[in-house]
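A.B. asks: build me a structure from this.
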Amino acid sequence: MAEVGKRAPKPIVANMIENGRTPVLSRAQLTEMGFQLILYPLAGIFAAAKALRDVYEKLKRDETTEGMYDRLMTFAAFNDLIGVDQKYKLAEKFGVKD
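C.D. replies: Coordinates of the predicted model:
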């Protein structure tokens, strides 16, 4: 990686894929080696896939999600995340009723 950072034409991209062929390094380490664009493109997808697998395995095994609540987003937090209140306000602005 250090040789690539020194020798490759700029800009140099470091594509960090967890458990891939390239060792996953920090932004600081990669910047020091000469990389300008540093990506971790699958970290979120890998985390989401593991969370989905874990909760569905639990549901299949125990027929409930009881005991997993600390690993789940609340309904209110999810509504905040997707902007439900803002969508209702926008709908009201244009005269849309429930």
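
A.B. asks: burial count for the nearest residue to T31 once chain neighbours are set aside?
C.D. replies: Spatially, and ignoring its direct neighbours in sequence, T31 is nearest to I38 (7.3 Å; CB to CB, 6 or more residues apart in numbering). The C-beta positions use only the backbone N, C-alpha and C, and glycine is treated the same way. A count of nearby residues for I38, using other CB atoms under 10 Å, gives 17.

A.B. asks: tell me the helix or strand right after the biggest helix by length in the chain.
C.D. replies: The residue-count maximum for a helix in the chain (DSSP state H) belongs to helix 43-62. The helix or strand immediately downstream of helix 43-62 is helix 75-82, counting by DSSP states H and E.

A.B. asks: pull out the buried positions in that following helix.
C.D. replies: By 16 or more other CB atoms under 10 Å, helix 75-82 has no buried positions at all.

A.B. asks: give the buried residues for the next helix or strand after it.
C.D. replies: Downstream of helix 75-82, the first helix or strand assigned by DSSP H and E is helix 84-93. Residues of helix 84-93 classed as buried: none (neighbour count, 16+ other CB under 10 Å).
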